[in-house]
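**Student:** Prediction below, plus the sequence it came from.
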Amino acid sequence: MRIPENIKIYGILYSIELVEDKDCRGNQGSCWTKNSYIKINKTLQQDVQEEALIHEIIHIIVDINNLNDMPITEQVVSTIGAAVHQVLTDNNLFN
Ligand SMILES: [Zn+2]
């Protein structure tokens, strides 16, 4: 899957920017729900960029649904994100 320039989540258009490693402070990506903005580290391999995008989408879904008070840790988001990416990849849904 190519990383698109934007993506719609719950009807809101989010800009996606591929940025240098220094602009991600060593992270794979970041998101800002209020600003409708996602950034992905462009130095990552393609499949890792895809997984990072899914990870940030999950963060936004959690945020929009006010689930931040629930025990949804970074580890939970990472585990679900990696699993969803694997399922989509194994079923050729990115092609
Ligand atoms: Zn995260």
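**Tutor:** Cool, the structure landed. Numbering: from 1, shown residues only.
**Student:** and the residue of the chain most remote from its centre, what pLDDT?
**Tutor:** Here the chain reaches farthest from its C-alpha mean at residue 69, the gap being 20.0 Å by CA atoms, centre = their mean. Predicted confidence (pLDDT) for residue 69: 88.
**Student:** Residue 95 now?
**Tutor:** Note for residue 95: predicted pLDDT of 66.
**Student:** can you give me the strands for the chain?
**Tutor:** For the chain, the strands defined by DSSP state E occupy 6-9, 12-19, 29-32, 37-41.
**Student:** Serialize those to CSV and add fields for mean neighbour count, distance to residue 91 and mean pLDDT.
**Tutor:** From N, CA and C alone the C-beta is placed, and that goes for glycine too. Output for the strands of the chain, formatted as CSV (neighbours: other CB atoms under 10 Å; distance: least, CB to CB, whole Å; pLDDT from 0 to 100):
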stretch, mean neighbour count, distance to residue 91, mean pLDDT
strand 6-9, 14, 20, 97
strand 12-19, 15, 23, 97
strand 29-32, 20, 23, 97
strand 37-41, 22, 22, 97
